[in-house]
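Asks: one predicted model, sequence on top.
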Amino acid sequence: MLLGLLPTSSVFAAQSVMITVTKGFGLSLFASDLGDIKQMTLGDDGTLFVGSQKSGTVYALVDSDQNGQVDKRYLIARGLEYPEALAFHDGALYVTEEDRIIRFDEIESRLRRPGRAREVYSNLPNLDKKHSRSMRFGPDDRLYVSIGSPCNVCEAASPFGSIIAIDVDSGASEQIALGLRSVTGFDWSPETNKLWFADLGRNWMGDNIPADEINRVEVKGSHYGFPYLHGSDVVEPAYDKPKNLNVIVPEYELPAHVAPTGLSFYRGEQFPERYRNQIFVAENGSWNRSSKVGYQIVMLEIEDDKVNKRETVVSFLDGEFPVARPFDVINAPDGSMYISDDLKGNIYRLFYNADEQSQESN
């Protein structure tokens with residue numbers, strides 16, 4: 001089902017609403033009816049795993065004929081407590097649940113009958129529906145877990161508001177970043193191996209402050225300001241920053257309330273050269289603003305380890321009507337990218353149509 005193609009060209013979906021896609025790109029429906037889906041991870045054999053929030057399900061999606069649309073789906077687990085965060089490593093699927101992390105071994109060979117999950121870590125803070133979590137294996141083979149703050153603005157006890165790195169064999173953990181509000185998108189630069197992450201700013205300070213943030217980890221254990229400083233210069237009135245606390249300001253400020261929930265570097269070769277090794281961000285969109293912003297996939301152009309500009313690749317906002325709310329964006333095996341939509345339970349495939357570009361230039 002082709003939803004979009006052509007630049008700033010408006011493409012009509014079934015409900016006569018418009019999705020706008022940058023020139024040369026196309027957007028197709030990869031899978032649908034998946035419930036309140038959140039984060040995704042990819043298996044070694046190309047299986048796409050997707051977690052949920054309230055529905056408690058984990059699905060595996062397979063495109064066996066490689067036509068860009070799922071043709072087999074498997075229910076890996078049900079009845080879990082907020083299994084929104086997933087990671088894949090050495091043939092195993094890792095899933096957060098309640099205050100622990102569980103693992104499904106050899107999962108891609110057991111999609112029809114997954115084995116019993118094994119608990120591999122049990123020291124996450126007690127589950128609170130107000131805080132977010134995400135997971136990803138780093139270049140050092142440790143499992144990085146972000147643990148959001150359980151509030152709009154508060155001084156929460158550690159490990160809330162941090163990213164930790166876990167050795168899944170020993171259970172040893174290390175705090176990588178502190179002073180975070182809500183991080184569900186993070187990734188490592190393919191060129192420098194530095195960790196970049198997106199952090200959502202607090203609510204109820206107005207339409208235009210504070211900024212949502214793009215940050216980079218230079219020194220492990222650095223503090224990124226929450227709840228004392230929002231963005232680069234918005235001081236929190238409710239809490240005084242400790243005098244000896246050194247705060248790292250954002251590498252780049254996004255507009256307030258765009259809600260950057262997903263972040264991935266593009267590692268494929270299907271997109272043109274200027275998109276390669278750049279950051280793609282899923283902006284989930286505003287919900288407490290007088291006019292809507294976000295609801296789009298943007299690219300952050302990086303040069304010399306600095307963000308130069310932000311440009312829209314896909315917009316799901318038709319006027320004030322959100323066609324979708326992109327939550328996560330990850331690389332697909334064929335060089336395209338998958339986008340999860342937690343509004344309608346869809347997964348979209350963003351691809352580049354080189355033939356179309358060639359035809360237009362002739």
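Replies: Sure, I can see it.

Asks: in the lengthiest strand in the chain, which residues are buried?
Replies: Assignment by DSSP state E gives strand 306-315 as the longest strand of the chain. Within strand 306-315, the residues that count as buried by 16 or more other Cβ atoms under 10 Å are Val307, Arg310, Val313, Val314, Ser315. From N, CA and C alone the C-beta is placed, and that goes for glycine too.

Asks: repeat that for stretch 313-322.
Replies: In stretch 313-322, residues buried by neighbour count (16+ other Cβ under 10 Å) are Val313, Val314, Ser315, Phe316, Leu317, Asp318, Pro322.

Asks: and the contacts of that stretch?
Replies: Residues lying outside stretch 313-322 but in contact with it, judged by Cβ atoms under 8 Å, 6 or more residues apart in numbering, are 4, 17-22, 25, 27, 280, 285, 291-292, 294-299, 323-326, 339, 341, 343, 350.

Asks: that older thread, what's the following helix or strand after the longest strand of the chain?
Replies: In the C-terminal direction, the helix or strand that comes right after strand 306-315 (DSSP states H and E) is strand 317-318.

Asks: just give me the neighbour total for the closest residue to Phe265 other than its chain neighbours.
Replies: Counting by Cβ to Cβ, 6 or more residues apart in numbering, the nearest residue to Phe265 once its immediate chain neighbours are dropped is Asp187, at 5.2 Å. Counted by other Cβ atoms under 10 Å, the residues lying close to Asp187 total 23.

Asks: who does Asp187 bridge with?
Replies: Using DSSP bridges, the bridge partners assigned to Asp187 are Trp196.

Asks: wait, it sits on Tyr266?
Replies: No: counting by Cβ atoms under 8 Å, Asp187 stays clear of Tyr266, with 10.0 Å between them.

Asks: helix or strand for the closest residue to Asn331 other than its chain neighbours, which one?
Replies: Nearest in space to Asn331, with sequence neighbours left out and distances taken as Cβ to Cβ, 6+ apart, is Arg267 at 5.2 Å. Here Arg267, judged by DSSP H and E, is contained in no helix and no strand.

Asks: quick one: residues contacting Arg267.
Replies: Applying Cβ under 8 Å, 6+ apart, we find Arg267 in contact with Pro190, Arg276, Asn277, Asn331.

Asks: inside strands: which ones of the residues you listed?
Replies: For the contacts of Arg267, the ones inside strands are Asn331, with DSSP E as the criterion.

Asks: among the contacts of Arg267, which ones are buried?
Replies: Using 16+ other Cβ under 10 Å as the burial test, these include Asn331 as buried.

Asks: what is the nearest of the contacts of Arg267 to Arg100?
Replies: Nearest to Arg100 among those is Asn331, at 27.9 Å by Cβ to Cβ.

Asks: will you turn the buried residues of stretch 313-322 into a markdown table that also has distance to Glu303 and pLDDT?
Replies: Converted to a markdown table, those look like this (distance: Cβ to Cβ, whole Å; pLDDT from 0 to 100):
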| residue | distance to Glu303 | pLDDT |
| --- | --- | --- |
| Val313 | 18 | 98 |
| Val314 | 23 | 98 |
| Ser315 | 24 | 98 |
| Phe316 | 28 | 98 |
| Leu317 | 28 | 96 |
| Asp318 | 33 | 94 |
| Pro322 | 32 | 95 |
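
Asks: just send those residues back as TSV, with distance to Val234 too.
Replies: Rendered in TSV, the data for these read as follows (distance: Cβ to Cβ, whole Å):
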residue	distance to Val234
Val313	28
Val314	29
Ser315	27
Phe316	28
Leu317	25
Asp318	31
Pro322	26
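
Asks: need the contact list for the residue nearest to the spatial centre of the chain.
Replies: When Cα atoms, centre = their mean is applied to the chain, the residue found nearest the centroid is Gly262 (2.0 Å). Gly262 sits next to 39, 184-185, 198, 280-282, 284, 326-330, 339-340 when contact means Cβ under 8 Å, 6+ apart.

Asks: so which bits of stretch 202-221 are buried?
Replies: Using 16+ other Cβ under 10 Å as the burial criterion, the residues of stretch 202-221 that qualify are Arg202, Asn203, Met205, Pro210, Ala211, Asp212, Glu213, Ile214, Asn215, Arg216, Val217.
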